[in-house]
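Q: Sequence and computational prediction follow.
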Amino acid sequence: MAVELPKRDVVVVGLGAVGGVAVLPLAEAGMDVVGLEAGGWLRARDHAPDELFNNYRGWPESVQKANREIPVHRRSASSPDSPRGALHPMMNAVGGTSLHYWAQSWRLNPWDFHVVSETARRYGASRLPVGTTVEDWPFGLDELEDHYDRVEHAIGVSGQAGNVGGAIDERGNIFEGTRRRPYPMPPLRWTGFIEQMAEAARGLGWHPFPGPAAVNSVRYQNRAACAYHGFCDRGGCHLDAKNSTAVSTIPRAQETGRLQVVTEAHVRRVEVDGEGRATGVSYLKGGEEYFQPADVVLLASYTYENVRLMLLSKSPAYPNGLSNNGGQVGRHYMTHATGAGVLALFPHRLNRWYGLPAQGVAIDDWAADNFDHADLDFIGGGNLWVYSDRRPIAAARMPTFGRAPRWGSAWKAFVADNADCWTNCYLQKSTLPYEDNYLDLHPTVTDPLGDPVCRITADFKDNERRIATFVQDRMVEWFRAAGAVEIIRQGLGTMGPSTHAYGGTRMGDDAETNVVDRWGFSHEVPNLGILGASVMGTSGSHNPTLTAQALGWRSAAHLVENWSSIAG
Amino acid sequence: MADLSRREMLKRVVVAGAAAALPAARPAAVVQAPPASFETLTAAEGATLQAVVARLIPTDERGPGALEAGAATYIDRGLAGPLAGSREAYRAGLAALDRYAQAARGARFAALDAAGQDALLGAVEANAAPEFGPGAAGFFNLVLTHTIQGTFSDPAHGGNVDFIGWRMLGYPGVRTVVTHDLQRIDRMPPERQVSAYDFPAFSAARERRTRGR
């Protein structure tokens, strides 16, 4: 029998990048908030610069709930399951994956909110890809600007603004939407190699700029500035200079005395009453079952787990899963097309051994609708990103560009000569939602408790493949201009478990085609809010975290302002 | 910058000056193969594995390789902990490799000369070794993956002895503070080799991080 706990105003499921932000405006408004987190606390001392541990061991000392429920992917409803990975792309801990993410903190481009209407206006509605279920967002960038701004200052983002109040600054992203003020910190510095790439981009007539990062370029909120020593890709920061929610918004919410953090809590179901209102959540901790009642339930457990928890939470009111009487839960799934990368070999050392994935140069000239698509056979585009991050094991696993075998003396000589002469890049391309890309529960694969894991049925379509080729061509052009002597074009791959997973609980005014309303609250369950990239209806071509955080802040602020109508 | 020739660029690459603060970098030691005692593998398995890693990243005119770096020690230790899931694959794969060597060359793998070992490993890699049995390429890739991990990971994990792997790559070493001057392209950082767990901030985590599951 479950232990019934005292009722709270709000229970937040997941204290990661998004739940960890949303608790702050709730706690500051005086609400009684409990946050349930599947992982534990990790501290600065847990973040040794150790590549093997970070990148190959899957963070075993945090409770790895995620690694026991890795989603299973298949390309289509008639395809077999793809091989299942050994590690979940996300981690469990207070702060979640904001502990070990790259911390790139982008706003979306204005176009990403209005793909349907802007495509129709500029090129004609027939240019929307066949089979896409894309809709305009229920609001534009201007309506989210306030929340972007709040989050940038609450967690701390370094960057160079390109458009403050309509004044374009060529040191920043000239394509970004209008922002009310500059970033709270100047951008992370550039390396010699990054300068070389920026110079090459200028030579092509492009507009290079330093990307925004939730990493302190200077001391901020009494936390240290970045020391640029590296190991940040799947690595936490021992200086607390990376602005995970575990060091920024969560401690501040705790200081109000209104947030209780419960760690190692494995939430299994959202419970509802006979009228279809959420009553709280059931979870396991230390082998004990608990029921946490609350007036409002906020799900913030990442795209796959948000969808899985809803589909697992069947009840007489919602026989097909929570908030799924309209059959929309799991639909409109997307992952960023980050495959189709480019690897480049230079005839000289790059000194890329230090730095971090967020220390780099961006190109937005080929993103969104920042260039004319009239004579192209796709819509959307991609952001190009070259950065400074090299670790020894990854360096030794470098591609040999057809110049050496995979092992033996010839391999050893090649790697010894070239380990610091090559680079990759990061190309994030727009993805659209399609009729036949979706999430559901796997019919046979379960976690150790017997709950089915999430199943991904999805693959990239022609529009994404054409973007990938186009953006890859631009990247090759850029590397060649910077002096690269060998190039490898990588394959696009497919849409398996990703750190950039969107949709499944899409946000929109139309309850027939969306799970949550424009505020992130369920069209069917009035006191259920859903936070995270699962509510996003387009991917854009930039990292999702800041947008998901801004939306989460917006939902929390809406709850505070409309408490009695939502909490009932 | 883009049209610099390789020679011109090499001339510009000089190693920068003074090393930074604590902990003191360890001096280069006289390189020799570690003693062959194993925690998990049998002596016979260990000998075969030593011979394999010695061919994957050989000792040659460019310097010491995976044998001296202790890649086999890393794997042996790992099989008792984080790599335990691969224990059966090593038992079966090392036995199959010796069976294959006996069938093809009339001796255990470790007893063959380097050219003979390379020929057999090439066949295993290409899944072209019927005497090995199924899963040859998979076993090869497993050992190659772990040999690279053992040679190039932090020495706290049991391999990369005397920073052999990191020196092979020209990796300038783990630091906890990197100045702008250490990220130039015309001047490489001075080499100073330490384990991450030599830093006082992380020393307490050494055992937990390197031996735990």
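A: Sure, I can see it. Numbering: from 1, shown residues only, chains lettered A, B, ... in the order given.
Q: Check the gap between the residue lying farthest from the centre of chain A and B:Leu144 for me.
A: Most distant residue from the mean C-alpha position of chain A: A:Ser409, 41.2 Å away (Cα atoms, centre = their mean). To B:Leu144, A:Ser409 is 15 Å away according to Cβ to Cβ, to the nearest Å. Any C-beta I mention is one placed from the backbone N, CA and C, and that applies to glycine too.
Q: CA atoms of the strand ranked longest in chain A as PDB?
A: In chain A, with assignment by DSSP state E, the single longest strand is strand A:288-299. The C-alpha coordinates for strand A:288-299 follow below in PDB (Å, rounded to 0.1, in the frame of the first residue of the first chain):
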ATOM      1  CA  GLU A 288       8.700   2.000  -1.000                       C
ATOM      2  CA  GLU A 289       5.600   3.200  -2.900                       C
ATOM      3  CA  TYR A 290       4.400   6.700  -2.300                       C
ATOM      4  CA  PHE A 291       1.500   8.800  -3.400                       C
ATOM      5  CA  GLN A 292       2.200  12.600  -3.600                       C
ATOM      6  CA  PRO A 293      -1.100  14.500  -3.900                       C
ATOM      7  CA  ALA A 294      -1.100  18.000  -5.400                       C
ATOM      8  CA  ASP A 295      -3.400  20.500  -6.800                       C
ATOM      9  CA  VAL A 296      -1.400  20.800 -10.000                       C
ATOM     10  CA  VAL A 297       0.900  18.300 -11.700                       C
ATOM     11  CA  LEU A 298       3.700  19.500 -13.900                       C
ATOM     12  CA  LEU A 299       5.500  16.900 -16.000                       C
END
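Q: so what strands line up beside it?
A: Using DSSP bridges, the strands paired with strand A:288-299 are strand A:3-4 (parallel), strand A:8-13 (parallel), strand A:278-285 (antiparallel), strand A:528-530 (parallel).
Q: Out of those, indicate the one that is most buried.
A: Highest mean neighbour count of the strands paired with strand A:288-299: strand A:528-530, a mean of 29 (counted as mean count of other Cβ atoms under 10 Å in any protein chain shown).
Q: now the helices for the chain?
A: Went with chain A since none was named. A:19-28, A:51-56, A:115-122, A:141-151, A:192-203, A:249-255, A:303-312, A:392-396, A:409-418, A:462-481, A:545-561, A:563-567 (DSSP state H).
Q: not what I meant, chain B
A: B:6-12, B:43-56, B:66-69, B:71-79, B:87-105, B:114-125, B:136-152, B:164-169, B:200-203, B:206-211.
Q: Let me have these in JSON lines, adding mean pLDDT as columns.
A: Listed next are those as JSON lines, based on pLDDT from 0 to 100:
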{"stretch": "helix B:6-12", "mean pLDDT": "39"}
{"stretch": "helix B:43-56", "mean pLDDT": "97"}
{"stretch": "helix B:66-69", "mean pLDDT": "98"}
{"stretch": "helix B:71-79", "mean pLDDT": "97"}
{"stretch": "helix B:87-105", "mean pLDDT": "97"}
{"stretch": "helix B:114-125", "mean pLDDT": "98"}
{"stretch": "helix B:136-152", "mean pLDDT": "98"}
{"stretch": "helix B:164-169", "mean pLDDT": "98"}
{"stretch": "helix B:200-203", "mean pLDDT": "92"}
{"stretch": "helix B:206-211", "mean pLDDT": "76"}
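Q: Now render those as a markdown table, adding distance to A:Ile174.
A: Below are the helices of chain B laid out as a markdown table (distance: least, Cβ to Cβ, whole Å):
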| stretch | distance to A:Ile174 |
| --- | --- |
| helix B:6-12 | 32 |
| helix B:43-56 | 49 |
| helix B:66-69 | 49 |
| helix B:71-79 | 50 |
| helix B:87-105 | 54 |
| helix B:114-125 | 50 |
| helix B:136-152 | 41 |
| helix B:164-169 | 39 |
| helix B:200-203 | 41 |
| helix B:206-211 | 45 |
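Q: Rebuild those as a markdown table, extending it with mean neighbour count and distance to chain A.
A: Listed next are the helices of chain B as a markdown table, based on neighbours: other Cβ atoms under 10 Å in any protein chain shown; distance: least, Cβ to the nearest Cβ, whole Å:
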| stretch | mean neighbour count | distance to chain A |
| --- | --- | --- |
| helix B:6-12 | 13 | 4 |
| helix B:43-56 | 22 | 5 |
| helix B:66-69 | 28 | 9 |
| helix B:71-79 | 26 | 9 |
| helix B:87-105 | 18 | 14 |
| helix B:114-125 | 18 | 7 |
| helix B:136-152 | 23 | 4 |
| helix B:164-169 | 24 | 4 |
| helix B:200-203 | 16 | 4 |
| helix B:206-211 | 17 | 5 |
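Q: of those, which approaches B:Met188 most closely?
A: For these, proximity to B:Met188 was assessed by Cβ to Cβ; helix B:6-12 is nearest, at 10.1 Å.
Q: What is the burial count for the closest residue to chain B within the stretch 251-400 of chain A?
A: Taking Cβ to the nearest Cβ, chain B has its nearest neighbour within the stretch 251-400 of chain A at A:His348, 3.6 Å off. Around A:His348 there are 23 other residues, counting by other Cβ atoms under 10 Å in any protein chain shown.
Q: Hmm, it is touching A:Cys421, no?
A: Yes - look at A:His348 against A:Cys421 with Cβ atoms under 8 Å: they come within range, at 6.5 Å.
Q: which non-adjacent residue is nearest the most centrally placed residue in chain B?
A: For chain B, the residue sitting closest to the mean C-alpha position, by Cα atoms, centre = their mean, is B:Thr151 at 1.6 Å. Once flanking residues are discounted, B:Thr151 sits nearest to B:Gly165: 4.0 Å by Cβ to Cβ, 6 or more residues apart in numbering or on different chains.
Q: Do I have it right that the one you found meets A:Ala396?
A: Yes - between B:Gly165 and A:Ala396 there is a contact under Cβ under 8 Å: 7.2 Å.
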